[in-house]
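Student: Just a sequence and a predicted model for now, questions to come.
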Amino acid sequence: MSVADAVTEALSAAGALAKSIAGFQPRSVQQHMATTVLGAIETQGTAVIEAGTGTGKTFAYLVPALLAGGKVLISTASRNLQDQLYDKDLPRVRDALRAPVTVALLKGRGNYVCHFHLERTRTEGRLASKDEVAHLAQVVEFAKLTNTGDRAELASVPDESGIWPKVTSTVDNCLGSECPHFRECFVMKARRTAMEADVVVVNHHLFFADAALRREGVAELLPSVNTVIFDEAHQIPDVATQFFGEAASTRQWLELARDSTAAVLAHAREATGAADAAGALELAVRQARIARKELVGRLNFAQASEDAALMQRLEAVQGALAALAEALAPLRERNVLISQAFSRALTLEELLGRWLDTSRSTDDIRWIEFTATAMILQSAPLQVSNKLAELRATSGAAWILTSATLAVKDDFSHFLGHVGLDLPSFGTHCLRLDSPFDYAQQGLLYVPGGLPAATDPALAEALVAHCAPLVAELGGRSFFLCTTLRAVDRTAKALRANDQTQDLEILVQGEGGRAALLERFRASSGAVLVGAASFWEGIDVRGEALSMVVIDKLPFAPPDDPLFAARLDAAKEAGGNPFFDIQLPEAVIALKQGVGRLIRDPADRGLLVIGDARLVEKPYGKRIWGSLPPFARTREFSVALQFAQALELCGLRTGSTSAAAPPS
């Protein structure tokens, strides 16, 4: 039997998956995708596939990948999706096919307990809270028992715990082969396993961190492979931009100052000059952040350069880094920690110098991002398409890129141009597969009239007031997806103040970890979750737990994003149309992700509310909703309410329909 026949048979009604996996249903779109994936693997070609929700895209690429043989690298968007693939999907398909392949999971170093930093933290005992003390005790016991050191296995210590940065390593503070625990290092163990495995599951951040190292001539972490599969490929441009650029932050500088102080006190206590230099660096960093303490947001390099006080403070940080390196230089033979601090000081001083260089002439865009507690200096290439094209051309492997959101209607040109796969030499094969769901019967798209404009800050409160009767009718069971964190805050406050929703459980991004909030939402008999970007994708809530998704407005990129603004300017200078060439396609792809949270299963039914009238009132709106699933559509509140009342609510209906009238 040929491989093509084996793939077809495996995905058929009487095939291996149907016999072994409960609930498996053969789908023609899945067969079509699997055939396309196999074709790319056998020709070492490039395939870009948009597979609508319910297509079964994971099985559609796993079956041909496992049956075709060779070494396979699967890169997905997040650690949670990695775990889903490694723990559930891959074992099920491998066992069903009886494929004799070995599988490995490889994450970034911050996901593995570091023996050195764990011991250091335990010995020093300087922790910020009782929770951290309790969490440290759990990590200590976990490190004794685990084979992998993967923090995902220790669910009792939440992701957001402050203990994790203290018991894991970073690129900056890893001691590498000089670490006394190098032989038992969990990171090195995971890498060795990955090098030997037939199938390796990574995430995009690790893939492009590896690619960036290879461009610098550093030996790659990831193994050479025959096939590369990018799941959730719509995230590739943003992740690649991050790793082909540079960044330095107040966190890195402060960690260096503290690590230097600790190393000097432990191994060169008499070197008071070095300790003083570390203290001077910490002071310079804090003064630099205070220079714009009122700002949360972004400044491009030109704007930052106009702030003389800010630039002087940054130059002072650069000087403090240089002074620390000079003070540590004669001590670096004393101990590996001092040597490492010396190297970090040199590297960070050079990086900051490049960022501050006003005579620098490159295509990179520079900016500063201010958060409530930190300042991050960043530079990134205007476009990563040429770097990605080079990576593709030299990989020697098949590339398959798939996601539910890659095209604008049937047009892949925006995505292809962004990832450098539009060159004729690549012969990229594009395929768009519609979802098998019956959206016209399963869902309703409602665009209210009479709300404030999308640019009006009052939209958040008005949208909550308008949707409150629907939320009450559904007994919660709703997502409010917002385009900004400010809108998240306003929406949450409005929900908690509204008479019809204030008694419901309102879960809000920032008031708990993402995984914990989702778990609480699923477990609740009727909650409302309010979130921004991280809740627009990668979330799968099936059944009646989620009956309505409300999106505040079309997700056009914010105008204060320096890199995005520079790309718009470049498009204009090249004679293009920035709005139609860049802004609109990216908004469509982002919106499709948010919309995709609603219908996750053939039995799901739900109401989609988009509070932005531009979707139906602007000429370009047709292009947007034409890219969305073919929901039934209405602008009438009464129709939306009737749909909500008709949903299967399993007796959880709140009985509030008498109050369910739209606000004036």
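Tutor: Great, that's in hand.

Student: CA atoms for contacts and neighbours, from now on please.
Tutor: Fine.

Student: For the protein, identify the residue most remote from the centre.
Tutor: residue 270 (46.1 Å; C-alpha atoms, centre = their mean).

Student: name the element that one belongs to?
Tutor: Assigned by DSSP states H and E, residue 270 falls within no helix or strand.

Student: For it, give me the pLDDT.
Tutor: Looking at residue 270, its pLDDT stands at 90.

Student: Tell me who's in contact with residue 65.
Tutor: For residue 65, the contact set (C-alpha atoms under 8 Å, 6 or more residues apart in numbering) comprises 37-38, 41, 72, 227.

Student: Tell me the pLDDT of it.
Tutor: Reported pLDDT for residue 65: 97.

Student: Dump the helix or strand containing it to CSV, keeping only the CA atoms.
Tutor: For residue 65, the element it lies in under DSSP H and E is helix 57-68. The C-alpha coordinates for helix 57-68 follow below in CSV (Å, rounded to 0.1, in the frame of the first residue of the first chain):
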residue,chain,number,x,y,z
LYS,A,57,-6.6,19.9,11.1
THR,A,58,-4.4,18.3,13.8
PHE,A,59,-5.2,14.8,12.7
ALA,A,60,-5.0,15.9,9.1
TYR,A,61,-1.3,16.8,9.5
LEU,A,62,-0.3,14.2,12.1
VAL,A,63,-1.4,11.2,10.1
PRO,A,64,0.6,11.9,6.9
ALA,A,65,3.5,13.2,9.0
LEU,A,66,3.8,9.9,11.0
LEU,A,67,3.1,7.6,8.0
ALA,A,68,5.6,9.4,5.7
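
Student: in the helix or strand just after it, what's buried?
Tutor: Remark: after helix 57-68, the chain's next helix or strand is strand 72-76, criterion DSSP H and E. The neighbour-count check on strand 72-76 (16 or more other C-alpha atoms under 10 Å) flags 72-76 as buried.

Student: so what does the lowest-mean-pLDDT helix or strand in the chain touch, helix or strand wise?
Tutor: Counting by mean pLDDT, DSSP states H and E, the chain has its least confident helix or strand at helix 204-215, which shows a mean of 80. Helix 204-215 is packed against strand 72-76, helix 236-243, with contacts defined by 3 or more C-alpha pairs under 8 Å, 6 or more residues apart in numbering; DSSP states H and E.

Student: nearest to residue 619, of these?
Tutor: helix 236-243 (28.0 Å; C-alpha to C-alpha).

Student: What residues sit buried inside the closest one?
Tutor: For helix 236-243, by 16+ other C-alpha under 10 Å, it's 236-237, 239-243.

Student: Output those in TSV, with pLDDT and distance to residue 58 appended to each entry.
Tutor: Shown next, in TSV, are these (pLDDT from 0 to 100; distance: C-alpha to C-alpha, whole Å):
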residue	pLDDT	distance to residue 58
236	95	18
237	93	21
239	93	21
240	93	23
241	92	26
242	88	26
243	88	26
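
Student: Which single one of those residues is nearest to residue 20?
Tutor: Using C-alpha to C-alpha, these come closest to residue 20 at residue 236, 33.5 Å.

Student: filter the contacts of residue 65 to the buried ones?
Tutor: 37-38, 41, 72, 227.

Student: Filter those down to just the ones in helices.
Tutor: Among these, DSSP state H puts 37-38, 41 in helices.

Student: Tell me the one among those nearest to residue 602.
Tutor: residue 37 (24.6 Å).

Student: Spell out, range by range, the helices that occur in the stretch 101-250 of the chain.
Tutor: 115-124, 130-145, 164-167, 186-196, 204-215, 236-243, 250-267 (DSSP state H, counting those that start in this stretch).

Student: Name the stretch from those where average model confidence is lowest.
Tutor: helix 204-215 (a mean of 80).

Student: between the contacts of residue 65, which is closest to residue 634?
Tutor: residue 37 (38.3 Å).

Student: mind checking how far the closest one is from residue 626?
Tutor: Distance from residue 37 to residue 626, counting by C-alpha to C-alpha, to the nearest Å: 27 Å.

Student: Please apply the same query to residue 152.
Tutor: Taking C-alpha to C-alpha, one finds residue 152 at 40 Å from residue 626.

Student: Could you export the contacts of residue 65 as TSV, including distance to residue 23 and pLDDT?
Tutor: Output for those, formatted as TSV (distance: C-alpha to C-alpha, whole Å; pLDDT from 0 to 100):
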residue	distance to residue 23	pLDDT
37	23	98
38	24	97
41	28	97
72	27	96
227	29	96
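
Student: Could you chop the protein up by domain?
Tutor: When the chain is parsed with automatic domain parsing, its domains come out as 3-102+197-242+384-433, 111-180, 246-381, 439-659.

Student: Contacts only, for residue 589.
Tutor: Counting by C-alpha under 8 Å, 6+ apart, the residues that residue 589 touches are 234, 405-408.

Student: just those residues now: which is nearest residue 182?
Tutor: The nearest one, if we look at the contacts of residue 589 relative to residue 182 and count by C-alpha to C-alpha, is residue 234, at 36.6 Å.

Student: thinking again about what came up before, which of residue 152 and residue 626 has more residues huddled nearby?
Tutor: residue 152 (16 against 13; other C-alpha atoms under 10 Å).

Student: Count the neighbours of the closest residue to that one other than its chain neighbours for me.
Tutor: Sequence neighbours aside, residue 111 is the residue nearest to residue 152 in space, at 7.5 Å (criterion: C-alpha to C-alpha, 6 or more residues apart in numbering). Using other C-alpha under 10 Å, residue 111 is surrounded by 22 other residues.

Student: right, and residue 111 touches residue 148 too?
Tutor: No - the pair residue 111 / residue 148 is not scored as a contact, 10.2 Å apart, by C-alpha atoms under 8 Å.

Student: and residue 27, how many residues sit next to it?
Tutor: 16.

Student: close enough to count as contact, it and residue 54?
Tutor: No - look at residue 27 against residue 54 with C-alpha under 8 Å: they stay out of range, at 9.4 Å.

Student: who's in contact with residue 517?
Tutor: 507-509, 529.

Student: And the least confident helix or strand of the chain, what's buried?
Tutor: Quick answer for helix 204-215 (16+ other C-alpha under 10 Å): 204-212.
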